[in-house]
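Student: Here's my sequence, what's the structure:
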Amino acid sequence: MALAPEKRHRLMAITQNGGPLGHVEQARRLCAAGVKWIQLRLKDAARDEWTQIAREVADICRDHGTVCIINDSVDIALEAGADGAHLGRTDLDWKDARQRLGPDRILGGTVNYIWEAEKAAEAGCLDYVGVGPLRFTRTKKELAPLQGYDGIRGLLAILGDIPAWAIGGIEVADVRPLRELGVTGVAVCSALLRDDRIDENVRAFLDAWPNPVQNQPCAASSAPPR
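Tutor: Below you'll find the model as predicted:
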C-alpha cells in the first residue's frame, strides 16, 4: 500500500488517557493548533463510549482537514467514519484488517521488534508504521524494549520504503536526529499536551520539521461519510 504524499504529515498527535482534557477536547485543541494527523488512543473504555468519542473526534478532524486514525479497532474506525486504524501485535492481523478496511482507508501498524519489521515488510498491506519506543514513556502500558536512535535505524533498514513515524517519549530536540535517520515523521503525545500549552507545543514541533505545505489550507479528509 502507498500513503499519498499529502497525507504524510510530519507530526502525528496521539491522544491520551488520564489528563485534565478528555479525548474530544484534546482533538479539538490539537486541530485548532494546526495538527493535521490525530490518532485516537482510548484505552479501557466501554464500546459505546469509545464509538461515541471516536465519532466526535472524526467529525472534528474532518472539519479541520485532519487525518483521523483509531487505535486498536478496525470496527470502531469504520463505525466512526475515521480515515483508518492503527493496530498493534495483539490486535487484528494486518492482512485481515486490510480486507475489512478496504483499499481506501489508512492502515498503520506498530513495529517494536526486528521480527515485526520483517513481518510489516512482507505483509504488503500497511500504509505506514510506528517505530520505537525511542525512550521511556508513561503513556503506554507494557512498554516494549527501548530502541534509542540506533534501534530505530535498524528497524528502518528492514522496513524499506514503508513510511515510518518514530514514537516513544519524543521531544522537540529529537526531531532533527530522527529526521536524519530517515523517519517520515514523529508521533507525539505528552509533549504536545504538556502544561496545557498545546498551541505553543504544537508550533515548536511544526517549526522543527514543517510539512512542505504546513501553513496552506488542507483539503478535507477523504474518508467515506458515515
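
Student: any chance you could map the strands in this protein?
Tutor: Listed in chain order, the strands of the chain (DSSP state E) span 11-14, 37-40, 67-71, 84-87, 106-111, 128-131, 164-167, 185-188.

Student: Turn those into JSON lines, columns for distance to P210 and mean neighbour count.
Tutor: Where C-beta positions appear, they are placed from N, C-alpha and C, glycine not excepted. Formatted as JSON lines, the strands of the chain follow (distance: least, CB to CB, whole Å; neighbours: other CB atoms under 10 Å):
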{"stretch": "strand 11-14", "distance to P210": "9", "mean neighbour count": "27"}
{"stretch": "strand 37-40", "distance to P210": "14", "mean neighbour count": "27"}
{"stretch": "strand 67-71", "distance to P210": "17", "mean neighbour count": "26"}
{"stretch": "strand 84-87", "distance to P210": "23", "mean neighbour count": "26"}
{"stretch": "strand 106-111", "distance to P210": "22", "mean neighbour count": "26"}
{"stretch": "strand 128-131", "distance to P210": "19", "mean neighbour count": "28"}
{"stretch": "strand 164-167", "distance to P210": "16", "mean neighbour count": "28"}
{"stretch": "strand 185-188", "distance to P210": "11", "mean neighbour count": "25"}
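
Student: could those strands go into CSV alongside mean pLDDT?
Tutor: What follows is the strands of the chain, written out as CSV (pLDDT from 0 to 100):
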stretch, mean pLDDT
strand 11-14, 98
strand 37-40, 98
strand 67-71, 98
strand 84-87, 98
strand 106-111, 97
strand 128-131, 98
strand 164-167, 98
strand 185-188, 98
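
Student: May I see those strands organised as a markdown table, with distance to D48 added?
Tutor: Formatted as a markdown table, the strands of the chain follow (distance: least, CB to CB, whole Å):
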| stretch | distance to D48 |
| --- | --- |
| strand 11-14 | 23 |
| strand 37-40 | 15 |
| strand 67-71 | 15 |
| strand 84-87 | 18 |
| strand 106-111 | 25 |
| strand 128-131 | 27 |
| strand 164-167 | 29 |
| strand 185-188 | 27 |
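
Student: which one of those strands lies closest to P212?
Tutor: P212 lies closest, by CB to CB, to one member of those: strand 185-188, at 12.5 Å.

Student: what's the closest one packed up against?
Tutor: Using 3 or more CB pairs under 8 Å, 6 or more residues apart in numbering; DSSP states H and E, the elements in contact with strand 185-188 are strand 11-14, strand 164-167.

Student: which outside residues touch the first one?
Tutor: Contacts of strand 11-14 from elsewhere in the structure, counted by CB atoms under 8 Å, 6 or more residues apart in numbering, are 30, 35-39, 41, 71, 139, 165, 167, 185-189, 192, 202, 205-206, 209.
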